[in-house]
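Colleague: after the sequence you'll find the predicted model.
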Amino acid sequence: MEIITALFLEHFEMRQAEGGSARLDFTGVHFSLTAPEAFPIKIQPHLMVLLRCPSDHQGLAALEVTFEADGTPMDVRNVQPVTVDPGKFGYNLVQATLEISEPGTIEAHCRIDNGPVTKVPLSISAP
């Protein structure tokens with residue numbers, strides 16, 4: 001199984017298109033945000049991880065997401081099982097509570113099992 005992309009977003013909808021194929025509509029995709037108040041803050045960004053399962057894969061894996069703040073590991077880790085039918089696409093949503101002490105950039109480090117890491121940046125600016 002592999003990660004196609006991972007994005008911070010505000011909302012998504014899944015719908016069926018003509019012929020029965022699925023469509024995902026993303027809104028509010030972002031790579032930065034302004035702190036809602038003075039630092040330190042707690043935020044809960046929504047991360048969507050889009051996955052592809054090869055036809056020769058069993059369809060079950062573990063999605064692990066860890067976070068770093070300006071290159072320093074944060075004590076935040078999310079691990080969840082993912083199930084995607086072989087030959088199909090799927091997604092998982094990850095929401096973590098992140099404590100941010102100052103403006104900077106956090107990165108979500110996403111990987112399936114012990115595979116390669118996909119990094120997703122999110123810059124946090126002062127209010």
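Modeller: Now that the structure is in, tell me what you want to look at. Residues are numbered from 1 along each chain as shown.

Colleague: flag every buried residue along the host helix or strand of Ala62.
Modeller: Using DSSP states H and E, Ala62 falls within strand 60-69. Residues of strand 60-69 classed as buried: Ala61, Leu63, Glu64, Val65, Thr66, Phe67, Glu68, Ala69 (neighbour count, 16 or more other C-beta atoms under 10 Å). Placement of C-beta: from N, CA and C, glycine included.

Colleague: need the outlier residue of this structure, farthest from its centre.
Modeller: Distance to the chain centre peaks in the chain at Gly19, reaching 29.0 Å (criterion: C-alpha atoms, centre = their mean).

Colleague: hang on, that residue in a strand?
Modeller: No. Counting by DSSP: H, G, I helix; E, B strand; the rest coil, Gly19 is located in no strand; its state is helix.

Colleague: any idea how far Thr66 is from it?
Modeller: Look at Gly19 and Thr66: by C-beta to C-beta, to the nearest Å, they are 39 Å apart.

Colleague: ok, Lys88 next?
Modeller: Counting by C-beta to C-beta - Lys88 and Thr66 are separated by 26 Å.

Colleague: swap in Leu50?
Modeller: For Leu50 relative to Thr66 (C-beta to C-beta), the value is 19 Å.

Colleague: how far out from the middle of the chain is stretch 82-96?
Modeller: Offset of stretch 82-96 from its chain centre (C-alpha atoms, centre = their mean, to the nearest Å): 11 Å.

Colleague: and the end-to-end length of that stretch?
Modeller: 17 Å (C-alpha to C-alpha, to the nearest Å).

Colleague: contacting residues around that stretch?
Modeller: By C-beta atoms under 8 Å, 6 or more residues apart in numbering, the residues outside stretch 82-96 that reach it are 1, 4, 22, 24, 44-63, 65, 67, 76, 78, 80, 108, 110, 112.

Colleague: filter those residues down to the buried ones, ChimeraX style.
Modeller: Those of the contacts of stretch 82-96 that count as buried under 16+ other C-beta under 10 Å are selected in ChimeraX with:
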select :1,45,46,47,48,49,51,52,53,59,61,63,65,67,76,78,108,110,112
